[in-house]
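Engineer: I need the structure of the sequence given here:
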Amino acid sequence: MAKDLTKKNEFDIDFNDSDMTMIMMMVMMAVVMSQFLKPMSQNMEVQTQILQAQAYHGTEDPRVLGATNLLQWINLVYDYPFTPWISAYFINDGPSPVEIGINYPDDRFLMNPGETITVNRTGALDEKINIIFFICRPGIRTSIRVTGTF
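Structural biologist: Here you go, the predicted model:
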(Lines give C-alpha, C1' and ligand atoms only; values in the text may rest on other atoms or scores of the structure.)
Protein backbone atom coordinates (compact mmCIF):
# COMPACT_ATOMS: atom_id res chain seq x y z
CA MET A 1 0.00 0.00 0.00
CA ALA A 2 2.81 2.44 0.82
CA LYS A 3 4.19 1.84 -2.66
CA ASP A 4 0.96 3.01 -4.16
CA LEU A 5 1.04 6.43 -2.42
CA THR A 6 3.84 7.87 -4.56
CA LYS A 7 4.67 7.56 -8.17
CA LYS A 8 7.69 5.54 -9.09
CA ASN A 9 10.38 7.37 -11.07
CA GLU A 10 13.63 6.32 -12.72
CA PHE A 11 15.78 7.28 -9.68
CA ASP A 12 13.93 5.09 -7.19
CA ILE A 13 15.80 2.04 -5.96
CA ASP A 14 13.76 -1.09 -5.66
CA PHE A 15 15.30 -3.77 -3.43
CA ASN A 16 13.84 -7.21 -3.17
CA ASP A 17 14.85 -9.97 -0.76
CA SER A 18 17.49 -11.47 -3.04
CA ASP A 19 19.12 -8.04 -3.52
CA MET A 20 19.28 -7.50 0.25
CA THR A 21 20.75 -10.99 0.70
CA MET A 22 23.42 -10.23 -1.91
CA ILE A 23 24.32 -6.92 -0.23
CA MET A 24 24.59 -8.59 3.18
CA MET A 25 26.83 -11.31 1.72
CA MET A 26 29.10 -8.67 0.19
CA VAL A 27 29.35 -6.85 3.54
CA MET A 28 30.15 -10.11 5.31
CA MET A 29 32.83 -10.96 2.72
CA ALA A 30 34.41 -7.52 3.22
CA VAL A 31 34.52 -8.07 7.00
CA VAL A 32 36.03 -11.54 6.62
CA MET A 33 38.60 -10.40 4.03
CA SER A 34 39.70 -7.51 6.25
CA GLN A 35 40.68 -10.08 8.88
CA PHE A 36 42.96 -11.79 6.34
CA LEU A 37 44.49 -8.61 4.91
CA LYS A 38 46.03 -7.40 8.17
CA PRO A 39 48.24 -10.49 8.72
CA MET A 40 49.09 -10.53 5.02
CA SER A 41 50.30 -6.92 5.14
CA GLN A 42 52.39 -7.69 8.24
CA ASN A 43 53.86 -10.67 6.41
CA MET A 44 54.80 -8.40 3.50
CA GLU A 45 56.59 -6.05 5.92
CA VAL A 46 58.63 -8.97 7.29
CA GLN A 47 59.51 -10.12 3.78
CA THR A 48 60.61 -6.58 2.91
CA GLN A 49 62.81 -6.50 6.02
CA ILE A 50 64.35 -9.83 5.06
CA LEU A 51 65.19 -8.59 1.59
CA GLN A 52 66.66 -5.36 2.99
CA ALA A 53 68.74 -7.33 5.49
CA GLN A 54 70.19 -9.50 2.77
CA ALA A 55 70.89 -6.59 0.45
CA TYR A 56 74.09 -4.66 1.02
CA HIS A 57 76.13 -2.03 -0.75
CA GLY A 58 79.16 -4.28 -1.23
CA THR A 59 81.49 -1.59 0.08
CA GLU A 60 84.51 -2.83 2.04
CA ASP A 61 85.90 -0.99 5.05
CA PRO A 62 89.42 -2.24 5.96
CA ARG A 63 90.86 -1.22 9.35
CA VAL A 64 93.83 -1.98 11.57
CA LEU A 65 93.07 -2.16 15.28
CA GLY A 66 95.64 -2.01 18.04
CA ALA A 67 94.47 -3.94 21.08
CA THR A 68 95.80 -3.31 24.60
CA ASN A 69 94.69 -4.34 28.08
CA LEU A 70 91.99 -1.64 27.99
CA LEU A 71 88.63 -2.50 26.46
CA GLN A 72 88.32 -0.55 23.22
CA TRP A 73 85.64 -0.46 20.56
CA ILE A 74 84.61 0.96 17.22
CA ASN A 75 81.01 2.04 16.81
CA LEU A 76 80.03 1.65 13.17
CA VAL A 77 76.63 3.31 13.55
CA TYR A 78 77.71 6.54 15.29
CA ASP A 79 81.06 6.80 13.46
CA TYR A 80 82.08 6.11 9.86
CA PRO A 81 80.49 4.40 7.88
CA PHE A 82 77.36 5.32 9.92
CA THR A 83 75.76 2.01 9.03
CA PRO A 84 76.21 -1.54 10.41
CA TRP A 85 78.44 -4.04 8.70
CA ILE A 86 76.93 -7.15 7.14
CA SER A 87 80.12 -9.19 7.62
CA ALA A 88 83.61 -8.83 9.08
CA TYR A 89 86.82 -10.73 8.35
CA PHE A 90 89.31 -10.64 11.25
CA ILE A 91 93.05 -11.45 11.08
CA ASN A 92 95.08 -11.46 14.28
CA ASP A 93 98.57 -10.35 13.18
CA GLY A 94 99.86 -10.91 16.71
CA PRO A 95 102.04 -11.18 18.55
CA SER A 96 99.43 -12.07 21.21
CA PRO A 97 95.90 -13.45 21.58
CA VAL A 98 93.02 -10.99 21.54
CA GLU A 99 89.39 -11.17 22.63
CA ILE A 100 86.81 -9.72 20.24
CA GLY A 101 83.14 -9.03 20.94
CA ILE A 102 80.44 -8.24 18.43
CA ASN A 103 77.76 -5.81 19.71
CA TYR A 104 78.18 -6.94 23.34
CA PRO A 105 81.35 -6.28 25.39
CA ASP A 106 80.94 -9.36 27.58
CA ASP A 107 80.23 -11.82 24.76
CA ARG A 108 83.74 -12.19 23.31
CA PHE A 109 85.65 -14.87 21.43
CA LEU A 110 89.41 -15.50 21.60
CA MET A 111 91.63 -15.19 18.53
CA ASN A 112 95.17 -16.55 18.64
CA PRO A 113 98.01 -14.99 16.62
CA GLY A 114 97.78 -15.85 12.92
CA GLU A 115 94.15 -16.94 13.26
CA THR A 116 91.36 -15.66 10.99
CA ILE A 117 87.64 -15.52 11.70
CA THR A 118 84.71 -14.42 9.56
CA VAL A 119 81.56 -13.10 11.18
CA ASN A 120 78.60 -13.07 8.79
CA ARG A 121 75.26 -11.42 9.59
CA THR A 122 73.84 -11.44 6.07
CA GLY A 123 70.43 -12.82 7.00
CA ALA A 124 70.06 -10.95 10.29
CA LEU A 125 66.99 -8.74 10.47
CA ASP A 126 67.73 -6.71 13.56
CA GLU A 127 71.28 -7.35 14.66
CA LYS A 128 74.03 -6.70 12.19
CA ILE A 129 77.55 -5.75 13.30
CA ASN A 130 77.06 -2.41 15.05
CA ILE A 131 79.98 -2.31 17.51
CA ILE A 132 83.24 -4.26 17.70
CA PHE A 133 84.93 -4.61 21.11
CA PHE A 134 88.53 -5.80 21.51
CA ILE A 135 90.94 -6.33 24.43
CA CYS A 136 94.16 -8.20 25.32
CA ARG A 137 95.46 -9.55 28.59
CA PRO A 138 97.32 -7.09 30.83
CA GLY A 139 100.81 -6.15 29.62
CA ILE A 140 100.20 -7.44 26.09
CA ARG A 141 99.52 -5.67 22.80
CA THR A 142 98.45 -7.06 19.46
CA SER A 143 97.43 -5.90 16.00
CA ILE A 144 94.20 -6.98 14.30
CA ARG A 145 93.22 -6.39 10.72
CA VAL A 146 89.50 -6.35 10.05
CA THR A 147 87.67 -5.85 6.79
CA GLY A 148 83.99 -5.12 7.10
CA THR A 149 81.39 -5.10 4.37
CA PHE A 150 78.34 -2.88 4.44
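
Engineer: Three-state assignment for G114, please.
Structural biologist: Secondary structure, DSSP: H, G, I helix; E, B strand; the rest coil: G114 is coil.

Engineer: Ok, V31 next?
Structural biologist: Following three-state DSSP, we place V31 in the helix state.

Engineer: For it, give me the pLDDT.
Structural biologist: Per-residue confidence (pLDDT) for V31: 78.

Engineer: so where's the chain shaky on pLDDT?
Structural biologist: For the chain, applying pLDDT under 70 flags the ranges 1-15, 37-43, 46-57, 125.

Engineer: For this protein, which segments count as helices?
Structural biologist: For the chain, applying DSSP state H gives helices covering 2-5, 17-54.

Engineer: residues touching N92, list them.
Structural biologist: When contacts are counted by Cβ atoms under 8 Å, 6 or more residues apart in numbering, N92 is found next to V98, M111, N112, P113, G114, E115, T116, T142, S143, I144. All C-beta atoms are positioned from the backbone trio N, CA, C, and that covers glycine.
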